[in-house]
Structure formats: structure tokens, C-alpha cells
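[1] here you go, sequence then predicted model.
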Amino acid sequence: MSLGRLHLVTDTRPGRDPLAVARAALGVAGRELVVQVRVEDSATDREAYELAGRMVELCASAGATCLVNDRLHVALAVGAAGAHVGADDLPVDAARRVLGPAAVLGATARAPGTARAAVAAGADYLGVGPCHATGTKAGLPPPIGPAGVTAVADAVPVPVVAIGGVTADRVAGLRGAGAYGVAVVAALADAADPARATAELLAALGC
Ligand SMILES: Cc1ncc(COP(=O)(O)OP(=O)(O)O)c(N)n1
Ligand SMILES: Cc1nc(C(=O)O)sc1CCOP(=O)(O)O
Ligand SMILES: [Mg+2]
């Protein structure tokens, strides 16, 4: 599997335009971009399906990968490349059974033990964080920092994607800590110029 190193997780805030941000990022990053469609828990399946369907089309035209967060049935329904699951979602082994062997399956892990278990259960990559403080998602545990990324990366043979408070300035530290790539919401969704912000993140990633 060749996984993109820059993951754009869609902004769930009302009034945002995740398709416009993705379009700008895809124009710069192409196949190096993974777009993960993440919606509010309160969003309906129909809303998730419609956004994910449009995102799959956008990604396909750029050669990029589209994943769906949490909702595996939506991932299957829109023909996404796969999905990402965490502690409140279907367990990784169940998600793998639902999606099948060819799908890209990501799992959240915050420590080496859960990371090893997720890989044994069928995860292709791990989302590891929060690496730094973030205002994007409430209720997260304290940041694990680059040292926490290293602890996980040293424990597993799959790509580690660092998430949480990631900015272009922090990418080098995370890469040095063992991250294969990074996942961002605000660094692109809040950027005045998302295309330029994408280019800065890619440069920091060495892409
Ligand atoms: C790349 C990546 N890493 C971690 C997460 C978080 O997933 P999860 O813990 O299931 O939380 P929600 O995103 O579902 O709120 C992620 N989405 N992506
Ligand atoms: C959705 C999500 N999950 C996280 C985790 O650590 O599990 S951090 C996060 C939000 C990341 O947003 P930003 O790039 O704006 O900090
Ligand atoms: Mg989840």
C-alpha cells in the first residue's frame, strides 16, 4: 500500500466548505493527499453520504485517496478507498471484515499497546495523537508530544500518521519522531490560502 503522507480531515464546523478546501489541497498535493471525510456525530447518514460521494469524485479526478471516518456503511456505499476507526467505533477486526481485505483501514492509537493490537486486528496505518493541543476536537486526552509518536512508531511496522495541532512548523519534529505523515483539520481549513498551506505542509513533509 502506498499511503499519502498528507491527510486532510474535513472540518465539521457549520458554515464551512470542506469541498472547497479539498479542491484547493488536491490541486497542489494530488495523489500525496488522503482526504478523510469526517462529519459531526449529529449529521445524518444522508448528509455524510452526499459529502463523501462528492469527495470520492473529487479525489478520483486527482488520483488521491478518499477515506470515511467512523461510518463504514457510508464508505462502502460511496466506493471510498477505506475508512478510519477509533475507540468509539467498530473494533478494527470487525471493521476489516466489513470493508474487506483490499480496503485501506486506519485506526486511532495513542500508546504502543493499543497500536500493536490495532495492527494485529488489521489496521493498515495508525492515527496517533493528539500530538499537540488542538481546539478542533473536544474531550481529547493530553497531548502525547513527539515522544509519544516515537513510542508508537517504534512499536509497529505500519505508517504512523500524527494528528492534533499539526502545523507546517511542527512537521519536522513529528517526522523526526517517526511519523510517516500528518493529518490536519485547522492547518488547511483555517488557512487564508489553503493551496499555499498545502504546499507548505508538503514541503515540510519532504514531498
Ligand atoms: C488520522 C486520524 N487519526 C485519528 C483520528 C481520530 O479518530 P477517532 O478517535 O475515532 O475520533 P473521531 O475522529 O471519530 O472523532 C482520525 N479521525 N483520523
Ligand atoms: C479529529 C481529531 N482526532 C484527534 C485525535 O487525537 O484523535 S485530534 C483531531 C482534530 C485535529 O484537528 P487539528 O488539525 O485542527 O488540530
Ligand atoms: Mg471515530
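    That came in fine, so what should we check first? Ligands and ions are numbered 1, 2, ... in the order given.
[2] what number of residues lie near the residue lying closest to Ala87 once chain neighbours are set aside?
    Leaving out its chain neighbours, the residue that sits closest to Ala87 by C-beta to C-beta, 6 or more residues apart in numbering is Thr108, at 6.6 Å. Every C-beta, even on glycine, is put in place using the N, C-alpha and C of the backbone. If you count neighbours by other C-beta atoms under 10 Å, Thr108 ends up with 21.
[3] now do Thr108 against Ser61, distance only.
    Thr108 is 29 Å from Ser61, where distance means C-beta to C-beta, to the nearest Å.
[4] and the residue nearest to Ala87, its phi and psi?
    With angles defined as degrees, to the nearest 10, Thr108 sits at phi -80, psi 130.
[5] okay, and the beta partners of it?
    Beta-bridge partners for Thr108, by DSSP bridges, are Gly127.
[6] quick one: the helices in this protein?
    18-29, 45-62, 72-78, 92-99, 112-120, 145-153, 168-176, 186-189, 194-205 (DSSP state H).
[7] looking at these, which is buried most?
    helix 186-189 (a mean of 22; mean count of other C-beta atoms under 10 Å).
[8] enumerate the residues of this protein near ligand 3.
    With the criterion set to C-beta under 5 Å from the ion, the chain comes near ligand 3 through 70, 86, 89.
[9] what pLDDT does the model give the residue nearest to the first one when sequence neighbours are not counted?
    This means Asp70. Of all residues not flanking Asp70 in the chain, Asp89 sits nearest, at 5.1 Å (C-beta to C-beta, 6+ apart). Looking at Asp89, its pLDDT is 98.
[10] shouldn't the residue nearest to Ala87 be in contact with Gly127?
    Yes: with contact defined as C-beta atoms under 8 Å, Thr108 reaches Gly127; the gap is 4.8 Å.
[11] residues shared between the contacts of the two?
    84, 86 (C-beta atoms under 8 Å, 6 or more residues apart in numbering).
[12] in the chain, where is pLDDT below threshold?
    1 (pLDDT under 70).
[13] can you tell me how far the closest residue to Val39 other than its chain neighbours is from Tyr180?
    Nearest non-adjacent residue to Val39, counting by C-beta to C-beta, 6+ apart: Ala48, 4.8 Å away. According to C-beta to C-beta, Ala48 and Tyr180 sit 27 Å apart.
[14] and for Arg116?
    Arg116 sits 17 Å away from Tyr180, going by C-beta to C-beta.
[15] understood, closing this out.
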